[in-house]
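> Fold the following.
(5 chains, ligands or ions: 4)
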Amino acid sequence: MTPAAAPADAVPVLTRPRRTVVLPALVFAALALVPAGAFALSAGYLLDLFTRVMIFAIAALSVDLLIGYAALVTFGQAAFVGIGAYAVGILASHGLTDVVVALPVALLASGLFALVTGFVCLRTKGVYFIMITLAFGQMAFFTASSLAPYGGDDGLTVQERNTVLGLPLFEQPLVFYYVVLVALLVVYLLFRALVASRFGRVLRGAKDNALRMTTLGFQVYRFQLAAYVIAGMAGGLAGFLLANATEFVSPAYMSWQRSGELIIMVLLGGLGTLHGAIVGAAAFLLLEEWLSALTEHWKMIFGPLLVLVVVFVRGGLIGIGAALARAAGRRGPRG
Amino acid sequence: MLTVENLQAGYGETPVLFDVGFRIGPGEIVTLLGRNGMGKTTTIRALMGLVRPTGGNLTFDGQSLAGLPSYRIAQLGLGLVPEGRQVFATLTVRENLVATAAARFGDRWTLERVYDFFPRLAERRGHLGSQLSGGEQQMLAIGRALMTNPRLLILDEATEGLAPLIRSEIWRGLGRLKQEGQAILLVDKHLDAMTRLADRHVVLEKGHVVWCGSSTELAADQSVRQRWLQV
Amino acid sequence: MVEPVLAIDGLRKQFGGLVVTDQVTLSVAPGELHAVIGPNGAGKTTLINQISGVLPSDSGTILFAGRDITRLAPHRRARLGLARTFQITSVLPAFSALENVALAVQARSGSSFRFFGDAAAEPALNRPAMAALDEVGLADRAAVPAGHLSHGEKRALELAMALVTEPKLLLLDEPMAGTGREETARLIAVLRRLKGRFAMMLVEHDMTAVFALADHISVLIYGRILLSGKPDEVREDPQVVAAYLGDEIEFE
Amino acid sequence: MSTTLLVVQVLNGLQLGVLLFLIAAGLTLVFGVMDFINLAHGVQYMLGAYLAVAFYGLTGSFLLALVLALAAALLFGLLLEAAVFRHLYGRDHLDHVIATFGIILFLNSAVKYVWGAAPLSLPVPEALTGSIVLAPGILYPVWRLVIIGSGLAVALLLYVLVSWTRIGMLVRAGATNAEMVSALGVDIRRLFTLVFGFGAMLAGFAGIMIAPILSVEPGMGDTILILAFVVIVIGGIGSIRGAFVAALLIGLVDTLGRSFAVDLLRLVMSSSTARTVGPALASMLIYLLMAVVLYVRPTGLFPAKGR
Amino acid sequence: QDKVQEKLKVGVIATLSGPPAVLGQQIRNGFQLAVKQLGGKLGGRDVEVLVQDDELKPDIAVGKVKAFVDRDKVDFVVGPVFSNILQAIVKPATDGGAILISPNAGTSNYAGRDCNPNLFVTSYQNDQMHEISGKHAQDSGKKTAFIMAPNYQAGKDSLAGFKRYFKGEILDEVYVPLNQLDYSAELSKIAAAKPEVVFVFLPGGMGVNFVKQYRQAGLADTIPVFSTFTVDESTLPAQQDAALGFFAGSNWAPNLDTPQNKAFVAAYEKEYGAVPATYAFQSYDAALLIDSALKATKGDTKDRDALRAALRKADFVSLRGDFKYNTNNYPIQDFYLTKVAKRADGKYQTEIVEKVFDDYADPYVKDCKMK
Ligand SMILES: Nc1ncnc2c1ncn2[C@@H]1O[C@H](COP(=O)(O)OP(=O)(O)OP(=O)(O)O)[C@@H](O)[C@H]1O
Ligand SMILES: Nc1ncnc2c1ncn2[C@@H]1O[C@H](COP(=O)(O)OP(=O)(O)OP(=O)(O)O)[C@@H](O)[C@H]1O
Ligand SMILES: [Mg+2]
Ligand SMILES: [Mg+2]
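Ligands and ions are numbered 1, 2, ... in the order given. The predicted model follows:
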């Protein structure tokens, strides 16, 4: 809670997306310190693991933008990740390996796909929207699977990571780690500004009561389409990074299970908070990593864990944090 | 038959009712009066078990309502016409009426009688709840509550959105019910009609009962009318 | 005669076999408060839905400020200056009262494709919003989420939202429903103050309000206009009394 | 393509449709009628199949296994409702998604833990093993006819139950406004519990009936679940009739697409291109169908009215 | 000397979740059985076997393999089951300095143009398995065939493999969607086409569904089915009698008559309660291969050239009998036609019918630059 030092003419508004600063700052600080920890423990694989976490966090952020702020429950977000990844893979197989080419192509391709499919999908609402996004996701998946020149179902090895203006910077795990971190930070800040902006307010309003927004004079569809394209491009960015991280692209990146996992990550972390998506992605992937090391039957633990989180905590892991903070705040003096 | 003592309730951490108490005897009509947001609906919701009271006693026919789920309370004979109608949108008019119908305490109210009472509903019997006009929905909500043949009928703004003609029909109908011995708890803004109809009135202000008395007392007490009801 | 803000001609709407509005012809002059009354299910809400564009019309035309809007999408009509409130309260429950109104201000300002800048801190949005809340008596409830407001307060909020769009015509569907006497009186005062600023079309069963406010009344029965005239003509008309007003004279 | 083959394929399509309906039926009930997204429907279907295999192993009789497995599926459904679903009524759809996803993970893994990863099998009941001759040289397995029959029976049962009985009314009412149903004197919780149990039983029933023609393995419910959702979405959520029509439609489109896509494409393109495009198209066909249907009718073929 | 005493680490990566888990388990079991029988040692060194599940997701597999290499510092990675996972992990495994032994997947690119000195395959080149059926159908004078596979790369390769040796008429070539459940449409087509032989490649659950439905449609008694990965010991427990008489092509069968194999099958069944399939034996062979190479280098893994040379020699007795490495690190071996049979103890297995190829090398080796 920020102290009441508001500017004089500000009026109290409860529903502005809460401008939490502490938790996101902590999250990013922790991520920035991971490499130091990794070297201290001489556990280089931690870098890879957290690189992966951050890449999925970007994808999860894009899902949170849609679900958490626009009530557009997308069940096909993995397709955009896949498209971004395939842009890297296909370009590389034709010898085009520089970021200058690959990144814009990845963003454009995913943005374009979002524009075209969003145009159709946004005619529907609710569960119908869920299913139609799934349909397009599946079509992308099957298309990738039948791309025989690019490995079809087997996928495509990316012989080397993208170069930056000819420099093989991404080959350095540490450099690549920070590149991903910066990408995550940029997406996060961008989205944060977005949801508080006039544009974001319309999105949130439409989430609350779309009919009312229409009679107020907003053409809700256009705002949602714009959000869909932005989220699609963020997904494409994640795919671009994922292809570089794994040096491999595969239709499996586009499977509906993956889209589902992205939703679960966001819900696990806490919907409609943005940093919750990052926390959720980290929690999901780290739990998966650690539990699966414990036992082959780790899903027998992970599944009930998810159920417990939903039933007993509202608002995901962030919700637990907030509840604890409140409890502490009630006891201790206000800071 | 209904006794409310020192009732307290609220939403989440916001208390709304602080001290509400009144009683309704058999065959009596009692009204809850008060300006907007003073806690009339909340009192009714607490009665019906839709809001958990945080304190006080509720008894109906000597049986405590504390902790009972709302369906048990309804089964004791409380019939609710909720604020905002809340008809079942996906059910037809007929289905709305029969789905929750019951004859636990007599069977005075049947489908035919409700249709007689509101001919409009008979005309629209095949319509879905969502395809009704506002007033028709209101009639349906009243009919639905009557079909449970309640011992205590609770009407929360039941004449909202009804045409004057129908409204007078309702007042007349309630008058007939009273003669048949039906107990009624009434919330409405039509003070004149209510003074004519009701035995006693309870005035709420910010979750407290601030006045209580008969129709004659209310008519006589100009200060109450001015201070709490702004008439 | 001045050109009417709204001129409806031969409007009709049918649901399946049920004709709900039929040959509705009426016009609203600038600055006029035109009340539409009629029994439950007569088609009043349907008419408002047709005018605001929520429901397409089967036949007939709607002229708004001289322009044919019969086939225009609802949001386009809203932009032309056609605002409405809903019979069943419709606000954005998760937004604060102030933000509800601020959104309406934003809708009027027309520039919503702004991706940066904290909308909640924009005085250009908040000041007019606050003023409108004040006007309907909700100033002290500005920060409360609309979903937590009482019934009557939501009504007032809806009115405030409509106000700030500075409409040419405001469609009001039973604004008094569910408000207590005090609030009804206050709403009447607010509407009276607003009279003349823009035209209004009022659908209402509260005859106190209707006769206190209306310049002109149309009576709709079974989807057709039975009578259209000055309040006194309507009040005395035996047909209207028999079909709608009834014997219990509650008003005055 | 010969006419006989076309006729047979149409029949096959309808048959697949009924199969899909059988699986989607319980889902429509719980989702359409109670507004609860139960992703665990797929694993409940799987569990039905496993239980049947297990009980068959114990009793050696298909009929006994059917009865016992149904009872067990019902019991399990009630258990699940009490333990998990009950806490989630009236919550956001997304809460349903995450909780039931958790159940999927758990059950898929638990089944593997208990019965092993290897696929299991349930034989067709002895009396129903034969085939009948449809056309010269074309045989139709009797068990398939049994499946069609039971699918139709379930469709009818559900339709009557939901549309015509008071329980059906109450459940539909409860889906839109549970609080009011309760305030009018009906124990809506118990009703929901029953519906859930019934839904679980339907899922289990589908699993049992299909087990003799499919492999019983962990994860067998996952793809099926998606198909079932496609069915109820195309049909219009909450509409039993819609689900039935959509299931038949999908069955037909999928079967005919698979059978004739290549031949048809050959009419407009070279044979080798048709060979690559055809199967890819056939795989996507139902999703394409869904996208087209939803584009034209954004709330499905038979949208529930009044929501 | 100290170094040799250090524990040898081997990372096994296989699909252990989802429906194909049964295959991954066979790979894990086969390897662990061998290590156990060798007294917990390979080439005299104590072994620690780390097992990870790739979940059939390439990016997960990459992460797990990177962790094997970076964190666990394994010398060998053994796995995976599926070709698409192999494609994903070859680079991270071999770039990271480990030697990758593939106990099942053997794609054509790694046999040819992408052949890799640090990748050893103990199974086969995928095409070969399909060629067996084609060759046998051709040799036994079949004139017409109906062939079918799932619509993905391996499916297309399989039908191409069949057609490489089969010169009769292909009545229809059908690609079904991956994980198709109901085959009525295809069965009707087969019944209408009346081919002399049906060839299918329908791995896992697809095979179970197909075989049961083929039998129920009454076709099993009239038209013989040749197959790959459609009827094997991993699916037979579910197919049972329905699969009796189905043919398959393989480089091995449980009843292959060598003393080592008999002992292996008996031990495997005793340990895991199931009949082993090719996955298990090839993974068992992978352990033997490592064992043989480490024996040759006296436990040393640091000198990679020596280690690779030793692996190349394949100086061990394979369960399948003849086994030697070609220059692309893919085996040269015999292939058989097998047939499903019910054993006296009621269990089902494939049994050898006849040898179809002798010392058969894949053709891609000519594209491989390794010598
Ligand atoms: N769901 C809710 N959450 C939080 N506060 C609520 C909720 N519903 C009502 N309130 C608050 O409780 C108070 C009492 O509301 P209640 O609905 O009981 O008033 P009322 O007397 O029935 O008013 P009205 O005449 O407008 O119907 C109001 O201040 C309202 O803001
Ligand atoms: N979607 C619909 N389908 C079928 N009939 C409908 C539909 N919507 C409204 N109706 C019918 O049309 C008639 C007119 O409804 P409308 O809501 O316009 O009435 P109204 O004049 O506003 O009444 P009230 O004063 O009660 O609000 C009603 O009888 C209603 O049953
Ligand atoms: Mg109230
Ligand atoms: Mg109306």
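> who's in contact with stretch B:174-186?
B:1-2, B:24-32, B:44, B:47, B:108, B:151-155, B:158, B:194, B:197-198 (CB atoms under 8 Å, 6 or more residues apart in numbering or on different chains). (Glycine included, C-beta is placed from N, CA and C.)
> Only alpha carbons, please: show that stretch as CSV.
This file holds the C-alpha atoms of stretch B:174-186, laid out as CSV (Å, rounded to 0.1, in the frame of the first residue of the first chain):
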residue,chain,number,x,y,z
LEU,B,174,-52.3,-8.2,-1.4
GLY,B,175,-55.3,-6.9,0.4
ARG,B,176,-57.2,-10.0,-0.5
LEU,B,177,-54.2,-12.2,0.6
LYS,B,178,-54.2,-10.4,3.9
GLN,B,179,-57.9,-11.3,4.3
GLU,B,180,-57.0,-14.9,3.7
GLY,B,181,-54.5,-14.6,6.6
GLN,B,182,-51.3,-14.4,4.6
ALA,B,183,-48.4,-12.8,6.5
ILE,B,184,-46.3,-10.4,4.3
LEU,B,185,-43.1,-8.5,4.7
LEU,B,186,-43.1,-5.6,2.3
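> avg pLDDT for that stretch?
Here stretch B:174-186 scores 91 as its mean pLDDT.
> ditto for stretch A:178-195
96.
> ok now it, how far from the chain's centre?
Here stretch A:178-195 is found 10 Å from its chain centre; the criterion is CA atoms, centre = their mean, to the nearest Å.
> what about that stretch and chain C, touching?
Yes - residues of stretch A:178-195 are located near chain C by CB under 8 Å from any CB of the partner chain, namely A:193-194.
> any idea which element residue 311 lies in?
No chain in the question, so chain A it is. helix A:299-312 (DSSP states H and E).
> try chain E instead
Judged by DSSP H and E, E:L311 forms part of helix E:304-313.
> Could you give me the buried positions within that helix?
Residues E:307-308, E:310-312 are the ones in helix E:304-313 that count as buried (16 or more other CB atoms under 10 Å in any protein chain shown).
> picking that back up, give me the buried subset of the contacts of stretch B:174-186.
Of the contacts of stretch B:174-186, these count as buried by 16+ other CB under 10 Å: B:1-2, B:24, B:28-32, B:44, B:47, B:151-155, B:158, B:194, B:197-198.
> Quick one: the buried residues of helix E:304-313 as a markdown table, columns for distance to E:A238 and pLDDT too.
Compiled in a markdown table, the buried residues of helix E:304-313 are given as follows (distance: CB to CB, whole Å; pLDDT from 0 to 100):
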| residue | distance to E:A238 | pLDDT |
| --- | --- | --- |
| E:L307 | 41 | 95 |
| E:R308 | 41 | 95 |
| E:A310 | 41 | 95 |
| E:L311 | 36 | 96 |
| E:R312 | 39 | 94 |
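> Let me know the average pLDDT across stretch D:197-216.
92.
> repeat for stretch C:5-16
Stretch C:5-16 comes out at a mean pLDDT of 94.
> Stretch D:171-182 too?
Averaging pLDDT along stretch D:171-182 yields 89.
> Hmm, B:A219 is touching B:T195, no?
Yes - with contacts counted by CB atoms under 8 Å, B:A219 reaches B:T195, the gap being 6.0 Å.
> Residues contacting the helix holding E:L311, please?
E:97, E:99, E:117-118, E:120, E:289-290, E:292-294, E:296-297, E:300-301, E:325, E:329.
> Nearest to chain A, out of these: which one, please.
E:G97 (12.8 Å; CB to the nearest CB).
> For that closest one, which residues are in contact?
E:69, E:304.
> and it, that one's in a helix?
No - remark: E:G97 does not belong to a helix; assigned using DSSP: H, G, I helix; E, B strand; the rest coil, it is coil.
> phi, psi of it?
The phi and psi values for E:G97, taken as degrees, to the nearest 10, are phi 100, psi 0.
> Ok, C:H216 next?
Backbone dihedrals for C:H216, given as degrees, to the nearest 10, come out at phi -150, psi 140.
> near chain E at all, stretch D:58-70?
No - if you take CB under 8 Å from any CB as the test, stretch D:58-70 misses chain E, and the best it gets is 14.6 Å.
> send the alpha carbons of that stretch over as CSV?
Output in CSV follows, covering the C-alpha atoms of stretch D:58-70 (Å, rounded to 0.1, in the frame of the first residue of the first chain):
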residue,chain,number,x,y,z
LEU,D,58,-12.2,-60.0,-11.6
THR,D,59,-15.6,-61.3,-12.8
GLY,D,60,-15.0,-62.5,-16.3
SER,D,61,-18.4,-61.1,-17.3
PHE,D,62,-18.8,-58.0,-19.4
LEU,D,63,-22.2,-57.3,-18.0
LEU,D,64,-21.1,-57.5,-14.4
ALA,D,65,-18.1,-55.4,-15.3
LEU,D,66,-20.3,-52.8,-16.9
VAL,D,67,-22.6,-52.6,-13.9
LEU,D,68,-19.7,-52.5,-11.4
ALA,D,69,-17.7,-50.0,-13.4
LEU,D,70,-20.7,-47.7,-13.7
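> pLDDT score assigned to A:G329?
61.
> Actually, A:A4.
35.
> Show residues contacting stretch C:125-132.
Residues contacting stretch C:125-132 (CB under 8 Å, 6+ apart): A:9-11, A:13, C:98-99, C:101-102, C:104-106, C:109, C:119-120, C:139, C:142, C:160-161, C:163-164.
> rerun at 7 Å
Under the contact criterion CB atoms under 7 Å, 6 or more residues apart in numbering or on different chains, stretch C:125-132 has outside partners A:11, C:98, C:101-102, C:105-106, C:119, C:139, C:142, C:160, C:163-164.
> So what are the structural domains in chain B, by residue number?
Domain ranges of chain B: B:1-77+B:152-157+B:180-231, B:78-150, per automatic domain parsing.
> separation between the closest residue to ligand 3 within chain D and A:I320?
Residue of chain D nearest ligand 3, by CB to the ion: D:A183 (14.9 Å). Remark: distance between D:A183 and A:I320 (CB to CB, to the nearest Å) = 34 Å.
> before we move on, what about C:A131?
Computed with CB to CB, the distance linking C:A131 and A:I320 is 42 Å.
> Which residue comes closest to whichever residue of the stretch 1-150 of chain A sits closest to ligand 2 once chain neighbours are left out?
The stretch 1-150 of chain A approaches ligand 2 most closely through A:K125 (18.1 Å), counting by CB to the nearest ligand atom. Setting aside the residues directly before and after it, A:K125 is nearest to D:P298 in space (CB to CB, 6 or more residues apart in numbering or on different chains), at 7.0 Å.
> Fine, thanks again, bye for now.
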